[in-house]
Every structure is written in structure tokens, then in C-alpha cells.
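1. task: produce atomic coordinates for the following.
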Amino acid sequence: MPVTPSAIARLRPARHRRPNRTLVTRVDPRVLVIPDVPAPRRSRWERVRSGAWTLYSRWAWRAAAARTERTRRTAHPYLR
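-> Here you go, the predicted structure:
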């Protein structure tokens, strides 16, 4: 017994089939050699400033997320 599509499915446009993807292979492998160069030494002030910036950016992201959540909840109180 054939399976007939539902009325909603019949209203939708037909699916577009993608062509089969072809696997691209490279014959000659290329090797990238990166020299082992030590990173430059950072001063104590640079390390402190970097840590402070990380903490500030995390705080700013959390504050923005909380602000967005508050705005969403006040706009749609029934979505709590």
C-alpha cells in the first residue's frame, strides 16, 4: 500500500537534491615545518594586565547576557 504524503507536505515545494560530493585527494603531501621558537618573555605588568582584561571581559559578557535575559523576560513574561 503506497504511503501518500500529508496535505501539508503536498503544499511544500519539492526538495532539491544535491549532487553527490566528490572526495578531493592531494597526490603530494605538503609538510609545513614550524621552527620551535620560544615565545618572548612577558613582563609582570603585561601578565597582570592580561589577567585583568580577561576578568573584565568575562564580567562584561555576563552582564550583557543578564541584561539581555532581563529584557527578554520583561518583553515576554509568559516565557519564564
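2. tally of neighbours for R17?
-> 6 (other C-beta atoms under 10 Å). Quick note: C-beta positions are derived from backbone N, CA and C, even for glycine.
3. same check, this time on R10
-> When neighbours are counted by other C-beta under 10 Å, R10 comes out with 8.
4. what about the helices in this protein?
-> Assigned by DSSP state H, the helices in the chain fall at 7-11, 44-75.
5. most tightly surrounded among the ones you listed?
-> helix 44-75 (a mean of 10; mean count of other C-beta atoms under 10 Å).
6. please report how far the residue positioned nearest the centre of the chain lies from T71.
-> With distances taken as C-alpha atoms, centre = their mean, the residue of the chain nearest its centroid is W61 (15.8 Å). Shown here: W61 relative to T71, a distance of 16 Å by C-beta to C-beta, to the nearest Å.
7. again, but for V24
-> In terms of C-beta to C-beta, V24 sits 47 Å off from T71.
8. likewise for A9?
-> Taken as C-beta to C-beta, the span from A9 to T71 is 38 Å.
9. want to throw the helices of the chain into JSON lines with distance to L32 and mean pLDDT?
-> JSON lines is the format used below for the helices of the chain (distance: least, C-beta to C-beta, whole Å; pLDDT from 0 to 100):
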{"stretch": "helix 7-11", "distance to L32": "50", "mean pLDDT": "76"}
{"stretch": "helix 44-75", "distance to L32": "28", "mean pLDDT": "90"}
